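Peer 1: predicted model, plus sequence, below.
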Amino acid sequence: MSKETCLEVESLTVRLANRVVLENINFCLSRGKFYTIIGPNGGGKTTLIKSILGLVKPVSGSIYIFGVRSEDYLREKTVGYVPQRSSSTRFPMKVVDVVRMGLIKGLSSKWKKEVLESLESVGMQRYIDEPIYELSGGQQQRVMIARAIVSKPELLMLDEPTVGLDIDSQKSFYELIKKLVEDLNITVIMATHDIGFVAEYSHGVLCINRRLVVHESCGFEKEKAFFNRLYGFNVKPVIHNHKGEKRV
Amino acid sequence: MRKMAFFGDGIAHVTFASIAIALCFDLPILPVAIGIAVIVALALGYFVRKGVSEDTGIGVLFSSAMAFGIVAFSLMQEQRSLMSYLFGDILAVRNQDLFFMGTITGVIVVFTFLLGDKLVYMSYDEEFVKAMGVKVDLIYYVFLVLLSVTIVSSVKILGIVLVAAMLVIPAASSLLVLKSYRFSFILSPVIACVSVFTGIVFSYIFDVPAGALIVLVQSGIFFGILILKRS
């Protein structure tokens, strides 16, 4: 395993409620890049993320994060995490409290400064004292990213963070991820259905449907046969860019 | 915040059944009531976390416990009035009860100081907190134990029917005023103390059950804040 390896998954099999959700997954991802995980609903994208985070125990296989067994790595360090968006509720928390959650493992005396810096990196610093429920969906997702990176993790995992966001907010979100990868040298792994943005922004794609269908380290197949293999039915994506122009 | 108001109500009704069991077998009421309430709360909490619907579980428990308690009371050789258990009797509170309540209050203050933030975070986003390595199950079960003990110790004053109100209304009132949970940890007990004191004073003046008046005062505070906010 080289120093440039961020994540290595070996022969990972996960079973949930007597059903094999992931089967014999093997891949290796490099440091400092933006990877996406795509695949049909129920294909195992969220399960893969949760397995890496230690929220789900695999039946077999091993996971290494920056060369260390994931259990040992997670005990000492933090992996940034943005879970799937839940429905908005009027929960009485301000933005500062939400981001402070990211420091739950160890709060230093400089926590306010760390929270402010994290919010500045996502452009949300002026909302620091606002109730979280008064922000728009896109703004709330930015705050969730701030929460995930406040502890300065080396790895950030996001689970379908753009659900419910309009196209402009999605574009803005992917631009932010790109900036974080470039400026902070964070490795980002994101489960998503946004095929168009995947093609435009990610350095590599993991295509999961119980098994790893394809692991593309560069480029991205947009062929009909590929999507047949991944989603299991006839589909040819027509990928549009942000201006609405068709891309081949 | 944890949407467990109904849970508290269910435990209060289990307390009714446990009091009946203690009286039937001539056992000390407080330890039996606490023991049974804690066991039931932990069991229900375990099944809820495994996917059983909380509403269904509590609904079944609520009515079964109440029915059991009523039957047990009716079968007792020495008939006792249900009223003091259902609606509370502040005159029945003894010094040892006050000592016990004070001790519980101290434990809860320490718990809130040490783990209050984590419990709130769990209420907001438990999956994230768990991913951060926090032992969410342990905190949840400790919370259930403290909740059960608090409910049992309050039944004597407020009664089974009204004890859940004490868990819900002061906190709900404070959150009408505040946009963040932080100061509700201070405002909520203040509202509770003001309503208890006012309720007891009016109870003495008008010779009506203290528990009911305490809850009426709390409700008045809640609706008063709501009306002021709307206007």
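Peer 2: Arrived safely.

Peer 1: all helices for chain A, in order.
Peer 2: A:45-53, A:70-76, A:95-100, A:111-121, A:137-149, A:167-184, A:195-201, A:224-231 (DSSP state H).

Peer 1: which one of those helices lies nearest to B:Ala20?
Peer 2: Proximity to B:Ala20 (Cβ to Cβ) singles out helix A:95-100 among the helices of chain A, at 43.7 Å. Any C-beta I mention is one placed from the backbone N, CA and C, and that applies to glycine too.

Peer 1: quick one: average confidence on that closest one?
Peer 2: Helix A:95-100 comes out with an average pLDDT of 95.

Peer 1: how about the residues of chain B by chain A?
Peer 2: B:1, B:117-118, B:120-121, B:123-125, B:127-134, B:175, B:178-182, B:184 (Cβ under 8 Å from any Cβ of the partner chain).

Peer 1: on that earlier part again, okay if I get the helices of chain A as TSV plus mean neighbour count?
Peer 2: TSV is the format used below for the helices of chain A (neighbours: other Cβ atoms under 10 Å in any protein chain shown):
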stretch	mean neighbour count
helix A:45-53	24
helix A:70-76	15
helix A:95-100	24
helix A:111-121	17
helix A:137-149	23
helix A:167-184	16
helix A:195-201	20
helix A:224-231	16
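
Peer 1: give me the distance between the spatially most central residue of chain B and B:Gly116.
Peer 2: In chain B, the centroid-proximal residue (Cα atoms, centre = their mean) is B:Ile151; its distance is 3.7 Å. Separation of B:Ile151 from B:Gly116 (Cβ to Cβ, to the nearest Å) stands at 19 Å.

Peer 1: any stretches of the chain with poor pLDDT?
Peer 2: With no chain named, the answer covers chain A. Chain A contains residues with pLDDT under 70 at A:1-3, A:86-89, A:213-248.

Peer 1: correction: the question concerned chain B.
Peer 2: Across chain B, the ranges flagged by pLDDT under 70 are B:1-4, B:77-82.

Peer 1: now with 80, please.
Peer 2: Counting by pLDDT under 80, the ranges of chain B that qualify are B:1-6, B:51-63, B:65-66, B:69-70, B:72-92, B:156-158, B:161, B:179-180.

Peer 1: who touches the residue nearest to the centre of chain B in this structure?
Peer 2: Contact analysis of B:Ile151 by Cβ atoms under 8 Å, 6 or more residues apart in numbering or on different chains lists B:8, B:11-12, B:15, B:37, B:163-164, B:167.

Peer 1: in strands, which of these fall?
Peer 2: Per DSSP state E, strands hold no members of the contacts of B:Ile151.

Peer 1: by neighbours, which of these wins?
Peer 2: B:Ile11 (33 neighbours; other Cβ atoms under 10 Å in any protein chain shown).

Peer 1: wait, what's in contact with that one?
Peer 2: B:Ile11 neighbours (Cβ under 8 Å, 6+ apart): B:37, B:40-41, B:147-148, B:151.

Peer 1: could you dump these to CSV with secondary structure and distance to A:Pro131?
Peer 2: Shown next, in CSV, are those (DSSP: H, G, I helix; E, B strand; the rest coil; distance: Cβ to Cβ, whole Å):
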residue, secondary structure, distance to A:Pro131
B:Ala37, helix, 35
B:Val40, helix, 36
B:Ala41, helix, 31
B:Leu147, helix, 26
B:Ser148, helix, 32
B:Ile151, helix, 30
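
Peer 1: quick one: which of the residues you listed is nearest chain A?
Peer 2: Nearest to chain A among the contacts of B:Ile11, counting by Cβ to the nearest Cβ, is B:Leu147 at 19.5 Å.

Peer 1: test my guess that that closest one contacts B:Ala5.
Peer 2: No: between B:Leu147 and B:Ala5 there is no contact under Cβ atoms under 8 Å: 11.2 Å.

Peer 1: need the residues touching each of these two.
Peer 2: B:Leu167.

Peer 1: the two - which one has more neighbours?
Peer 2: Between B:Leu147 and B:Ala5, B:Leu147 has the larger neighbour count (other Cβ under 10 Å), namely 21 against 15.

Peer 1: am I right that A:Arg142 is in contact with A:Gly123?
Peer 2: Yes: using Cβ under 8 Å, A:Arg142 makes contact with A:Gly123 at a distance of 6.7 Å.

Peer 1: what do the two both touch?
Peer 2: Contacts common to A:Arg142 and A:Gly123, judged by Cβ under 8 Å, 6+ apart, are A:Leu176.

Peer 1: hang on, the earlier thing: and of the contacts of B:Ile151, the nearest to A:Ala146?
Peer 2: B:Leu167 (33.4 Å).

Peer 1: please name the residues that touch the nearest residue in space to that closest one that is not next to it in sequence.
Peer 2: Spatially, and ignoring its direct neighbours in sequence, B:Leu167 is nearest to B:Gly8 (4.5 Å; Cβ to Cβ, 6 or more residues apart in numbering or on different chains). Going by Cβ under 8 Å, 6+ apart, B:Gly8 touches B:147, B:151, B:163-164, B:167-168.

Peer 1: now do A:Ser62
Peer 2: A:Ser62 neighbours (Cβ under 8 Å, 6+ apart): A:9-12, A:69-70.

Peer 1: enumerate the residues of chain A near chain B.
Peer 2: A:53-55, A:74-75, A:78-79, A:81, A:83, A:86, A:91-94, A:97-98, A:101-102, A:104-105, A:131, A:147.

Peer 1: go through those and flag which are in strands.
Peer 2: Mapping the residues of chain A next to chain B onto strands (DSSP E) picks out A:Tyr81.

Peer 1: just the buried residues of the residues of chain A next to chain B.
Peer 2: A:53-55, A:74, A:78-79, A:81, A:83, A:91-94, A:97-98, A:101-102, A:104, A:131, A:147 (16 or more other Cβ atoms under 10 Å in any protein chain shown).

Peer 1: so B:Phe62 versus B:Gly8, what's the distance?
Peer 2: In terms of Cβ to Cβ, B:Phe62 sits 11 Å off from B:Gly8.

Peer 1: list just the nearest of the contacts of B:Ile151 to chain A.
Peer 2: Using Cβ to the nearest Cβ, the contacts of B:Ile151 come closest to chain A at B:Leu167, 16.6 Å.

Peer 1: let me see the contact set for the closest one.
Peer 2: B:5, B:8, B:147, B:150-151.

Peer 1: and of those residues, the nearest to A:Gly39?
Peer 2: B:Ala5 (39.9 Å).

Peer 1: would you list the phi and psi of the residue of chain A most remote from its centre?
Peer 2: Largest separation from the mean C-alpha position in chain A: A:Ser109, at 29.3 Å (Cα atoms, centre = their mean). The phi and psi torsions at A:Ser109 (degrees, to the nearest 10) take the values phi -70, psi -20.

Peer 1: look up how far chain B lies from it.
Peer 2: As judged by Cβ to the nearest Cβ, to the nearest Å, A:Ser109 and chain B stand 16 Å apart.

Peer 1: for the contacts of B:Leu167, give me a markdown table that also has distance to B:Asp89.
Peer 2: Shown next, in a markdown table, are those (distance: Cβ to Cβ, whole Å):
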| residue | distance to B:Asp89 |
| --- | --- |
| B:Ala5 | 24 |
| B:Gly8 | 20 |
| B:Leu147 | 23 |
| B:Thr150 | 19 |
| B:Ile151 | 17 |
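
Peer 1: identify the farthest-apart pair in these.
Peer 2: B:Ala5 and B:Thr150 (13.7 Å).
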